[in-house]
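*Asks:* Provided below for reference: sequence and predicted model.
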Amino acid sequence: MSKTPFKQLLKRLHVAHLDSDYKETKPQMRIETDLQRAGDLGVSVNDVSQALQSLLGSRRVTTYVDRGEEYRVLVQAEQAGRQTLADLERINVRSRNGTLVPLSAVVTVKEVAGPRQLNRYNKLRAITLTAALAPGTSLGEALSFLENEARQSPEILAIGYRGESQSLRETGGAIWLIFGLTILIVFLLLAAQFESFIHPGIIIATVPLAVAGGALGLAVTGGSINLYSQIGIVMLVGLAAKNGILIVEFANQLRDEGMDLGAAIREAATRRLRPILMTSIATVIGAVPLVIRGGAGAAARHSIGVVVVFGVSLATLITLFLIPILYSRVAKRTLSPQTVSRKLDSALKDSPDPAE
(Lines give C-alpha, C1' and ligand atoms only; values in the text may rest on other atoms or scores of the structure.)
Protein backbone atom coordinates (compact mmCIF):
# COMPACT_ATOMS: atom_id res chain seq x y z
CA MET A 1 0.00 0.00 0.00
CA SER A 2 1.42 3.41 -0.94
CA LYS A 3 2.16 5.94 1.77
CA THR A 4 -0.31 8.67 0.78
CA PRO A 5 -3.46 6.48 0.69
CA PHE A 6 -2.29 4.79 3.85
CA LYS A 7 -2.01 8.10 5.72
CA GLN A 8 -5.48 9.04 4.52
CA LEU A 9 -6.70 5.69 5.78
CA LEU A 10 -5.25 6.35 9.21
CA LYS A 11 -6.95 9.73 9.43
CA ARG A 12 -10.29 8.12 8.63
CA LEU A 13 -9.66 5.34 11.12
CA HIS A 14 -8.70 7.68 13.99
CA VAL A 15 -5.83 5.59 15.32
CA ALA A 16 -3.08 6.94 17.54
CA HIS A 17 0.58 6.12 18.17
CA LEU A 18 1.00 4.33 14.88
CA ASP A 19 4.25 2.46 14.34
CA SER A 20 5.51 -0.17 11.92
CA ASP A 21 8.54 -2.39 11.52
CA TYR A 22 9.23 -0.99 8.04
CA LYS A 23 11.60 1.98 8.32
CA GLU A 24 13.69 3.22 5.41
CA THR A 25 16.74 4.28 7.42
CA LYS A 26 19.54 2.22 5.91
CA PRO A 27 21.60 3.90 3.13
CA GLN A 28 21.58 1.83 -0.03
CA MET A 29 22.61 2.09 -3.66
CA ARG A 30 20.09 1.23 -6.34
CA ILE A 31 21.55 0.01 -9.62
CA GLU A 32 19.30 0.32 -12.67
CA THR A 33 20.22 -1.12 -16.06
CA ASP A 34 19.70 0.93 -19.21
CA LEU A 35 18.14 -1.80 -21.32
CA GLN A 36 18.44 0.04 -24.62
CA ARG A 37 22.08 0.95 -24.05
CA ALA A 38 22.91 -2.57 -22.87
CA GLY A 39 21.26 -4.06 -25.95
CA ASP A 40 23.24 -1.81 -28.27
CA LEU A 41 26.50 -2.90 -26.61
CA GLY A 42 25.56 -6.59 -26.58
CA VAL A 43 25.34 -6.91 -22.77
CA SER A 44 22.49 -8.83 -21.21
CA VAL A 45 20.89 -8.06 -17.88
CA ASN A 46 21.93 -11.51 -16.66
CA ASP A 47 25.59 -10.66 -17.35
CA VAL A 48 25.26 -7.49 -15.28
CA SER A 49 23.58 -9.42 -12.44
CA GLN A 50 26.22 -12.15 -12.47
CA ALA A 51 29.05 -9.63 -12.39
CA LEU A 52 27.58 -7.72 -9.47
CA GLN A 53 26.75 -10.87 -7.55
CA SER A 54 30.16 -12.44 -8.10
CA LEU A 55 32.33 -9.44 -7.30
CA LEU A 56 30.28 -7.70 -4.63
CA GLY A 57 28.00 -10.30 -3.07
CA SER A 58 29.99 -13.54 -3.63
CA ARG A 59 28.88 -16.55 -5.63
CA ARG A 60 29.65 -20.23 -5.20
CA VAL A 61 31.13 -21.64 -8.38
CA THR A 62 32.24 -25.12 -7.40
CA THR A 63 33.46 -27.37 -4.59
CA TYR A 64 36.58 -29.43 -4.04
CA VAL A 65 37.52 -32.29 -1.74
CA ASP A 66 40.68 -32.23 0.37
CA ARG A 67 41.54 -35.22 2.62
CA GLY A 68 37.90 -36.31 2.85
CA GLU A 69 36.50 -32.83 3.52
CA GLU A 70 34.42 -30.92 0.96
CA TYR A 71 34.98 -27.18 0.62
CA ARG A 72 33.03 -24.53 -1.27
CA VAL A 73 34.72 -22.20 -3.72
CA LEU A 74 33.33 -18.65 -3.50
CA VAL A 75 34.17 -15.90 -5.99
CA GLN A 76 34.26 -12.35 -4.62
CA ALA A 77 36.31 -9.19 -5.05
CA GLU A 78 38.73 -8.23 -2.32
CA GLN A 79 37.33 -6.02 0.40
CA ALA A 80 39.43 -3.06 -0.69
CA GLY A 81 37.94 -3.29 -4.18
CA ARG A 82 34.23 -3.20 -3.20
CA GLN A 83 33.82 -0.33 -0.79
CA THR A 84 33.23 2.82 -2.86
CA LEU A 85 31.24 3.91 -5.89
CA ALA A 86 34.46 4.18 -7.88
CA ASP A 87 35.10 0.46 -7.30
CA LEU A 88 31.72 -0.28 -8.83
CA GLU A 89 32.50 1.77 -11.92
CA ARG A 90 35.73 -0.20 -12.53
CA ILE A 91 33.82 -3.45 -13.03
CA ASN A 92 33.72 -4.70 -16.62
CA VAL A 93 31.28 -7.12 -18.25
CA ARG A 94 31.84 -9.11 -21.41
CA SER A 95 29.55 -8.50 -24.37
CA ARG A 96 28.35 -11.05 -26.91
CA ASN A 97 31.27 -10.34 -29.24
CA GLY A 98 33.82 -10.88 -26.45
CA THR A 99 34.79 -7.27 -25.75
CA LEU A 100 34.86 -5.82 -22.22
CA VAL A 101 32.32 -3.10 -21.52
CA PRO A 102 32.57 -0.89 -18.41
CA LEU A 103 29.65 -1.45 -16.11
CA SER A 104 29.20 2.31 -15.78
CA ALA A 105 28.27 2.43 -19.48
CA VAL A 106 25.11 0.37 -19.05
CA VAL A 107 23.93 1.10 -15.48
CA THR A 108 23.05 4.11 -13.36
CA VAL A 109 23.57 4.25 -9.61
CA LYS A 110 21.31 6.12 -7.18
CA GLU A 111 21.76 6.54 -3.45
CA VAL A 112 18.50 5.73 -1.64
CA ALA A 113 17.34 4.75 1.83
CA GLY A 114 15.85 1.35 2.43
CA PRO A 115 14.75 -0.91 5.27
CA ARG A 116 17.34 -2.70 7.36
CA GLN A 117 15.43 -5.95 7.03
CA LEU A 118 12.45 -7.34 5.14
CA ASN A 119 10.15 -9.28 7.46
CA ARG A 120 7.97 -12.14 6.32
CA TYR A 121 4.71 -13.63 7.48
CA ASN A 122 3.52 -16.99 6.14
CA LYS A 123 6.39 -16.86 3.62
CA LEU A 124 5.21 -13.51 2.25
CA ARG A 125 6.86 -10.12 2.63
CA ALA A 126 4.97 -8.34 5.39
CA ILE A 127 4.80 -5.05 7.23
CA THR A 128 3.59 -5.19 10.84
CA LEU A 129 1.53 -2.23 12.05
CA THR A 130 0.93 -1.41 15.70
CA ALA A 131 -1.36 1.37 16.89
CA ALA A 132 -3.66 2.45 19.67
CA LEU A 133 -7.33 3.06 19.05
CA ALA A 134 -8.68 6.54 19.51
CA PRO A 135 -11.74 7.01 21.75
CA GLY A 136 -14.94 5.99 20.04
CA THR A 137 -13.32 3.41 17.73
CA SER A 138 -13.55 -0.27 18.62
CA LEU A 139 -11.05 -2.89 17.62
CA GLY A 140 -13.64 -4.81 15.62
CA GLU A 141 -14.61 -1.72 13.64
CA ALA A 142 -10.97 -0.90 12.95
CA LEU A 143 -10.17 -4.40 11.71
CA SER A 144 -13.27 -4.55 9.53
CA PHE A 145 -12.41 -1.22 7.97
CA LEU A 146 -8.82 -2.29 7.31
CA GLU A 147 -9.99 -5.52 5.71
CA ASN A 148 -12.34 -3.65 3.38
CA GLU A 149 -9.56 -1.26 2.38
CA ALA A 150 -7.14 -4.15 1.84
CA ARG A 151 -9.54 -5.87 -0.55
CA GLN A 152 -9.46 -2.77 -2.72
CA SER A 153 -5.63 -2.74 -2.87
CA PRO A 154 -4.33 -5.31 -5.36
CA GLU A 155 -0.79 -5.14 -3.95
CA ILE A 156 -1.98 -6.61 -0.63
CA LEU A 157 -2.10 -10.38 -0.99
CA ALA A 158 -3.00 -11.41 2.56
CA ILE A 159 -3.69 -10.03 6.02
CA GLY A 160 -2.45 -11.53 9.28
CA TYR A 161 -3.08 -10.61 12.89
CA ARG A 162 -1.11 -10.56 16.13
CA GLY A 163 -1.95 -9.89 19.76
CA GLU A 164 -5.46 -8.71 20.58
CA SER A 165 -6.40 -8.52 16.90
CA GLN A 166 -5.56 -12.20 16.44
CA SER A 167 -7.51 -13.14 19.58
CA LEU A 168 -10.54 -11.19 18.40
CA ARG A 169 -10.53 -12.74 14.93
CA GLU A 170 -9.95 -16.30 16.21
CA THR A 171 -12.41 -16.29 19.11
CA GLY A 172 -14.75 -13.39 18.32
CA GLY A 173 -17.11 -15.52 16.26
CA ALA A 174 -16.82 -18.61 18.46
CA ILE A 175 -17.77 -16.74 21.62
CA TRP A 176 -21.43 -16.61 20.59
CA LEU A 177 -21.42 -20.35 20.00
CA ILE A 178 -19.93 -20.78 23.47
CA PHE A 179 -22.64 -18.49 24.83
CA GLY A 180 -25.35 -20.64 23.29
CA LEU A 181 -23.74 -23.87 24.50
CA THR A 182 -23.42 -22.41 28.00
CA ILE A 183 -27.14 -21.64 28.13
CA LEU A 184 -27.95 -25.13 26.84
CA ILE A 185 -25.71 -26.87 29.37
CA VAL A 186 -27.07 -24.80 32.26
CA PHE A 187 -30.61 -25.54 31.12
CA LEU A 188 -29.96 -29.29 30.96
CA LEU A 189 -28.29 -29.31 34.40
CA LEU A 190 -31.21 -27.44 35.92
CA ALA A 191 -33.66 -29.76 34.16
CA ALA A 192 -31.93 -32.73 35.78
CA GLN A 193 -32.00 -31.02 39.16
CA PHE A 194 -35.63 -29.91 39.06
CA GLU A 195 -36.79 -32.96 37.05
CA SER A 196 -38.70 -30.60 34.79
CA PHE A 197 -38.13 -28.51 31.69
CA ILE A 198 -40.49 -25.73 32.79
CA HIS A 199 -38.70 -24.64 35.96
CA PRO A 200 -35.30 -24.28 34.19
CA GLY A 201 -37.05 -22.32 31.45
CA ILE A 202 -38.30 -19.84 34.06
CA ILE A 203 -34.77 -19.43 35.41
CA ILE A 204 -33.09 -19.09 32.00
CA ALA A 205 -35.60 -16.37 31.06
CA THR A 206 -33.57 -13.95 33.19
CA VAL A 207 -30.42 -14.42 31.08
CA PRO A 208 -31.56 -12.16 28.19
CA LEU A 209 -32.25 -9.45 30.77
CA ALA A 210 -28.69 -9.69 32.04
CA VAL A 211 -27.32 -9.55 28.49
CA ALA A 212 -29.50 -6.52 27.78
CA GLY A 213 -28.14 -4.86 30.91
CA GLY A 214 -24.56 -5.53 29.81
CA ALA A 215 -25.25 -4.11 26.35
CA LEU A 216 -26.91 -1.06 27.95
CA GLY A 217 -23.85 -0.54 30.12
CA LEU A 218 -21.54 -0.64 27.11
CA ALA A 219 -23.76 1.87 25.30
CA VAL A 220 -23.84 4.24 28.29
CA THR A 221 -20.07 4.11 28.88
CA GLY A 222 -19.17 4.26 25.19
CA GLY A 223 -17.83 0.70 25.07
CA SER A 224 -18.15 -1.86 22.32
CA ILE A 225 -18.77 -5.57 21.86
CA ASN A 226 -15.22 -6.91 21.91
CA LEU A 227 -13.52 -10.08 23.09
CA TYR A 228 -13.51 -9.07 26.76
CA SER A 229 -17.09 -7.83 26.83
CA GLN A 230 -18.15 -11.11 25.21
CA ILE A 231 -16.40 -13.00 28.03
CA GLY A 232 -18.37 -10.90 30.52
CA ILE A 233 -21.60 -11.74 28.72
CA VAL A 234 -20.86 -15.46 29.06
CA MET A 235 -20.25 -14.91 32.79
CA LEU A 236 -23.71 -13.35 33.09
CA VAL A 237 -25.35 -16.69 32.34
CA GLY A 238 -24.39 -18.07 35.73
CA LEU A 239 -24.63 -14.77 37.60
CA ALA A 240 -28.17 -14.13 36.37
CA ALA A 241 -29.41 -17.71 36.79
CA LYS A 242 -28.54 -17.88 40.49
CA ASN A 243 -31.32 -15.45 41.47
CA GLY A 244 -33.96 -17.51 39.72
CA ILE A 245 -32.62 -20.70 41.28
CA LEU A 246 -32.97 -19.24 44.79
CA ILE A 247 -36.62 -18.26 44.26
CA VAL A 248 -37.78 -21.31 42.28
CA GLU A 249 -36.07 -23.82 44.55
CA PHE A 250 -37.55 -22.30 47.71
CA ALA A 251 -40.99 -22.03 46.12
CA ASN A 252 -40.84 -25.75 45.27
CA GLN A 253 -39.92 -26.54 48.85
CA LEU A 254 -42.90 -24.58 50.15
CA ARG A 255 -45.20 -26.38 47.70
CA ASP A 256 -43.81 -29.68 48.99
CA GLU A 257 -44.91 -28.63 52.47
CA GLY A 258 -48.48 -28.21 51.22
CA MET A 259 -48.62 -24.48 50.48
CA ASP A 260 -50.58 -23.45 47.39
CA LEU A 261 -48.87 -22.03 44.32
CA GLY A 262 -49.62 -18.32 44.83
CA ALA A 263 -48.71 -18.25 48.49
CA ALA A 264 -45.54 -20.30 47.84
CA ILE A 265 -44.13 -17.94 45.20
CA ARG A 266 -44.96 -14.85 47.26
CA GLU A 267 -43.32 -16.30 50.33
CA ALA A 268 -40.28 -17.43 48.30
CA ALA A 269 -39.84 -13.98 46.74
CA THR A 270 -40.07 -12.35 50.17
CA ARG A 271 -37.81 -14.78 52.02
CA ARG A 272 -35.16 -14.87 49.25
CA LEU A 273 -35.03 -11.11 48.74
CA ARG A 274 -32.22 -10.61 51.26
CA PRO A 275 -29.85 -13.36 49.98
CA ILE A 276 -30.47 -12.29 46.37
CA LEU A 277 -29.61 -8.67 47.16
CA MET A 278 -26.58 -9.69 49.25
CA THR A 279 -25.07 -11.85 46.51
CA SER A 280 -25.87 -9.35 43.76
CA ILE A 281 -24.45 -6.38 45.68
CA ALA A 282 -21.33 -8.37 46.51
CA THR A 283 -20.89 -9.28 42.84
CA VAL A 284 -21.37 -5.68 41.69
CA ILE A 285 -19.01 -4.28 44.32
CA GLY A 286 -16.41 -6.88 43.37
CA ALA A 287 -16.63 -5.78 39.72
CA VAL A 288 -16.53 -2.02 40.38
CA PRO A 289 -12.69 -1.94 40.69
CA LEU A 290 -12.49 -3.42 37.20
CA VAL A 291 -14.41 -0.38 35.92
CA ILE A 292 -12.66 2.44 37.80
CA ARG A 293 -9.12 1.06 37.97
CA GLY A 294 -6.63 2.32 35.37
CA GLY A 295 -3.18 1.15 34.37
CA ALA A 296 -2.00 -1.54 31.97
CA GLY A 297 -4.84 -3.64 30.60
CA ALA A 298 -7.46 -1.20 31.89
CA ALA A 299 -9.49 -1.37 28.66
CA ALA A 300 -9.94 -5.15 28.96
CA ARG A 301 -10.88 -4.97 32.63
CA HIS A 302 -13.22 -2.06 31.99
CA SER A 303 -15.19 -4.02 29.36
CA ILE A 304 -15.68 -7.03 31.63
CA GLY A 305 -16.50 -4.86 34.66
CA VAL A 306 -19.10 -2.76 32.86
CA VAL A 307 -20.89 -5.84 31.54
CA VAL A 308 -20.96 -7.50 34.96
CA VAL A 309 -22.02 -4.38 36.90
CA PHE A 310 -24.86 -3.34 34.59
CA GLY A 311 -25.91 -6.88 33.67
CA VAL A 312 -26.18 -8.15 37.25
CA SER A 313 -27.86 -4.94 38.45
CA LEU A 314 -30.56 -4.95 35.77
CA ALA A 315 -31.12 -8.71 35.99
CA THR A 316 -31.50 -8.52 39.78
CA LEU A 317 -34.03 -5.70 39.69
CA ILE A 318 -36.20 -7.31 37.03
CA THR A 319 -35.78 -10.89 38.29
CA LEU A 320 -37.47 -10.03 41.59
CA PHE A 321 -40.66 -9.28 39.64
CA LEU A 322 -40.33 -11.44 36.52
CA ILE A 323 -39.60 -14.80 38.19
CA PRO A 324 -42.70 -14.71 40.47
CA ILE A 325 -44.90 -13.71 37.50
CA LEU A 326 -43.56 -16.49 35.26
CA TYR A 327 -43.70 -19.04 38.06
CA SER A 328 -47.32 -18.24 38.92
CA ARG A 329 -48.35 -18.43 35.26
CA VAL A 330 -46.35 -21.45 34.10
CA ALA A 331 -45.55 -23.59 37.14
CA LYS A 332 -49.23 -24.31 37.81
CA ARG A 333 -48.96 -26.93 35.08
CA THR A 334 -46.20 -28.79 36.93
CA LEU A 335 -45.58 -30.41 40.26
CA SER A 336 -42.53 -29.94 42.42
CA PRO A 337 -39.92 -32.75 42.32
CA GLN A 338 -40.70 -33.83 45.89
CA THR A 339 -44.37 -34.15 45.08
CA VAL A 340 -43.53 -36.44 42.17
CA SER A 341 -41.24 -38.48 44.41
CA ARG A 342 -43.88 -38.86 47.08
CA LYS A 343 -46.42 -40.04 44.52
CA LEU A 344 -43.94 -42.61 43.21
CA ASP A 345 -43.15 -43.82 46.72
CA SER A 346 -46.85 -44.08 47.51
CA ALA A 347 -47.49 -46.01 44.31
CA LEU A 348 -44.70 -48.43 45.14
CA LYS A 349 -46.07 -49.00 48.65
CA ASP A 350 -49.61 -49.62 47.39
CA SER A 351 -48.51 -52.02 44.66
CA PRO A 352 -48.68 -55.74 45.60
CA ASP A 353 -45.46 -57.58 46.36
CA PRO A 354 -44.65 -60.08 43.55
CA ALA A 355 -43.19 -62.48 46.14
CA GLU A 356 -46.57 -62.78 47.79
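*Replies:* Looks like it came in fine.
*Asks:* quick one: the helix ranked longest in the chain to chain centroid distance?
*Replies:* The helix that spans the most residues within the chain, counting by DSSP state H, is helix 298-330. Offset of helix 298-330 from its chain centre (Cα atoms, centre = their mean, to the nearest Å): 26 Å.
*Asks:* please begin residue numbering at 36 from this point
*Replies:* Yes, from this point I'll number from 36; that puts the last item at helix 333-365.
*Asks:* buried residues, it. List them.
*Replies:* Judged by neighbour count using 16 or more other Cβ atoms under 10 Å, the buried positions of helix 333-365 are 335-351, 353-355, 357-359, 361-362. (Each C-beta comes from the backbone N, C-alpha and C, glycine too.)
*Asks:* can you pull out the strands in the chain?
*Replies:* 50-55, 59-68, 94-101, 104-110, 127-129, 135-137, 142-150, 155-156, 159-160, 164-168 (DSSP state E).
*Asks:* a markdown table for these, including mean pLDDT, distance to Thr305 and mean neighbour count?
*Replies:* Below are the strands of the chain laid out as a markdown table (pLDDT from 0 to 100; distance: least, Cβ to Cβ, whole Å; neighbours: other Cβ atoms under 10 Å):
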| stretch | mean pLDDT | distance to Thr305 | mean neighbour count |
| --- | --- | --- | --- |
| strand 50-55 | 69 | 53 | 12 |
| strand 59-68 | 83 | 73 | 11 |
| strand 94-101 | 88 | 90 | 10 |
| strand 104-110 | 89 | 90 | 10 |
| strand 127-129 | 86 | 99 | 17 |
| strand 135-137 | 87 | 103 | 14 |
| strand 142-150 | 83 | 72 | 12 |
| strand 155-156 | 80 | 62 | 12 |
| strand 159-160 | 81 | 67 | 10 |
| strand 164-168 | 75 | 48 | 14 |
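*Asks:* can I get those strands in a markdown table with distance to Leu289?
*Replies:* Listed next are those as a markdown table, based on distance: least, Cβ to Cβ, whole Å:
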| stretch | distance to Leu289 |
| --- | --- |
| strand 50-55 | 59 |
| strand 59-68 | 77 |
| strand 94-101 | 90 |
| strand 104-110 | 90 |
| strand 127-129 | 101 |
| strand 135-137 | 105 |
| strand 142-150 | 75 |
| strand 155-156 | 64 |
| strand 159-160 | 68 |
| strand 164-168 | 53 |
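*Asks:* so which of those strands comes closest to Gln201?
*Replies:* strand 155-156 (11.6 Å; Cβ to Cβ).
*Asks:* which residues touch the closest one?
*Replies:* 161, 163, 193, 195 (Cβ atoms under 8 Å, 6 or more residues apart in numbering).
*Asks:* how much space separates the residue lying closest to the third one once chain neighbours are set aside from Pro189?
*Replies:* The one in question is Ala193. Among residues not flanking Ala193 along the chain, Leu159 sits closest, at 6.1 Å (Cβ to Cβ, 6 or more residues apart in numbering). For Leu159, the distance to Pro189 equals 14 Å [Cβ to Cβ, to the nearest Å].
*Asks:* for Leu271, same thing?
*Replies:* The value you get for Leu271 to Pro189, if Cβ to Cβ is used, is 44 Å.
*Asks:* sorry, back to before: quick one, the longest helix of the chain and strand 164-168 angle?
*Replies:* Taking axes from the mean of the first three to the mean of the last three Cα atoms, to 10 degrees, one finds helix 333-365 and strand 164-168 inclined to each other by 60 degrees.
*Asks:* what helices or strands is helix 333-365 leaning on?
*Replies:* helix 233-239, helix 242-256, helix 262-291, helix 296-306, helix 308-327 (3 or more Cβ pairs under 8 Å, 6 or more residues apart in numbering; DSSP states H and E).
*Asks:* indicate which one of those helices is closest to Leu138.
*Replies:* Using Cβ to Cβ, these put helix 262-291 closest to Leu138, at 56.8 Å.
*Asks:* other SSEs contacting that closest one?
*Replies:* helix 198-206, helix 209-229, helix 233-239, helix 242-256, helix 296-306, helix 308-327, helix 333-365, helix 372-385.
*Asks:* returning to what we had before: tell me the mean pLDDT over the longest helix of the chain?
*Replies:* The average pLDDT for helix 333-365 rounds to 84.
*Asks:* and that helix with helix 296-306, angle?
*Replies:* Going by the same axes, to 10 degrees, helix 333-365 makes 150 degrees with helix 296-306.
*Asks:* which residues touch Arg72?
*Replies:* 140-141.
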